[in-house]
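# curious how this folds, go ahead:
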Amino acid sequence: MPQIHATPLRAAMIGLGNMGGRIARRIRDAGHPIAGYDRSASACERSGIVAAPSLAQAVRGADAVFLSLPDSTVIERVVHDPGGLLESVTAGQTVIDLSTASPASSIAIHAALGERGVPFIDAGISGGAAGAERGTLAVMAGGSEAALRRVQPLLDAFSARTYHMGRPGSGHATKVLNNFLNAISLAATAEVMVAARLAELDLERVLEVLNHSTGVNFATTNRFPSIIEGDYLEGGLTSELMAKDVRLYLRLLAELGVTSLAGPSCLGAFDLATALGYGGQISNRVVDAIGDIAGGVRLQGYPRADAGKEERR
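This is a model prediction of the structure:
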């Protein structure tokens, strides 16, 4: 259970999807009153959070307003549209964007809200749905350090570590870089595991070797031990959203003047998954997309190296 704070802060969560709903529940369970808002009635119902009928009503009286939204296009609408944040927030409130978003867009939102006396924190998060459920997310934040300290009790409800990365946009820039490494390790490991399956290797043993060798990564330690048993860890980032994150990475590198050699091939893996019908499913299904073009390969039911040992004894 989250730690209960003696002096609760009032919060609002705009976006009650896979991540927003879980984070809102952690904040509520830590003793902080929270109102939610989502255009999807089903998302509101699944979250278990009391939903306000409008964004303006959700943020009224909140010390901190969290955003958990799909991309910068949606975030910009939520901020700038009639009845949006710019019209609804007041000086003394703080807006914290937990989405994966364009750093350039976030910098512009910092400026727009700043004119109203409202600090904006671009706060990328990492750890997935499971981390949100357990309250072990990592937060990488850009913007005012003083504003970050004020909302830290709320962040403590769902995160294990908070890193102040510096100026506006730096939190979301760090998140974009992290998500690219997450994407490429998943795509590369998916290729390796399909190849291992076709080579008739014991996949459990392959993972054991990788996890004690230089090929170890988050996908080998946290994803594929479940995937080879048929559990794709549903509920996390979809292939469509992973592709969106890789495109954000490529755009950021272009702005910085850095040539990306690995980025286009990584994007191709998740675009392939989307083209083959896995776009709305968890990004771990990229292994099935790669398996499809390798002749319909699935990782489940692989031959095990120790099969038949008991019979031979």
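# can I see the domain layout of the protein?
When the chain is parsed with automatic domain parsing, its domains come out as 11-167, 174-293.
# which among these is found nearest to A305?
domain 174-293 (3.9 Å; C-beta to C-beta). Where C-beta positions appear, they are placed from N, C-alpha and C, glycine not excepted.
# just the helices from the stretch 1-150 of the chain, written as ranges.
Defined through DSSP state H, counting those that start in this stretch, the helices belonging to the stretch 1-150 of the chain, from first to last, are 18-29, 41-47, 55-59, 72-80, 85-88, 103-114, 128-134, 145-156.
# pull the residues that contact the fifth one.
Spelled out, it's helix 85-88. 14, 55-56, 59-60, 65, 78-80, 95, 112-113, 116 (C-beta atoms under 8 Å, 6 or more residues apart in numbering).
# just the mean pLDDT for that helix, thanks.
What helix 85-88 shows for mean pLDDT is 96.
# would you list the contacts of helix 85-88 in CSV and tack on pLDDT?
Conversion of the contacts of helix 85-88 to CSV gives the following (pLDDT from 0 to 100):
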residue, pLDDT
I14, 97
L55, 96
A56, 96
V59, 96
R60, 96
V65, 98
V78, 97
V79, 97
H80, 97
V95, 98
A112, 97
L113, 97
R116, 94
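# from these, list just the buried residues.
When neighbours are counted using 16 or more other C-beta atoms under 10 Å, the contacts of helix 85-88 contain these buried positions: 14, 55, 59-60, 65, 78-79, 95, 112-113.
# for R205, state which of those residues is nearest.
When these are ranked by distance to R205 (C-beta to C-beta), I14 comes first, at 46.3 Å.
# flag the helix or strand of this structure with the lowest per-element mean pLDDT.
Sorting the helices and strands of the chain by mean pLDDT, DSSP states H and E puts helix 309-312 at the bottom, at a mean of 44.
# all strands for this protein, in order.
11-14, 34-37, 64-67, 94-97, 120-126, 137-142, 159-166 (DSSP state E).
# pick the most deeply packed of these.
Using mean count of other C-beta atoms under 10 Å, the stretch among the strands of the chain with the greatest mean number of neighbours is strand 11-14 (a mean of 29).
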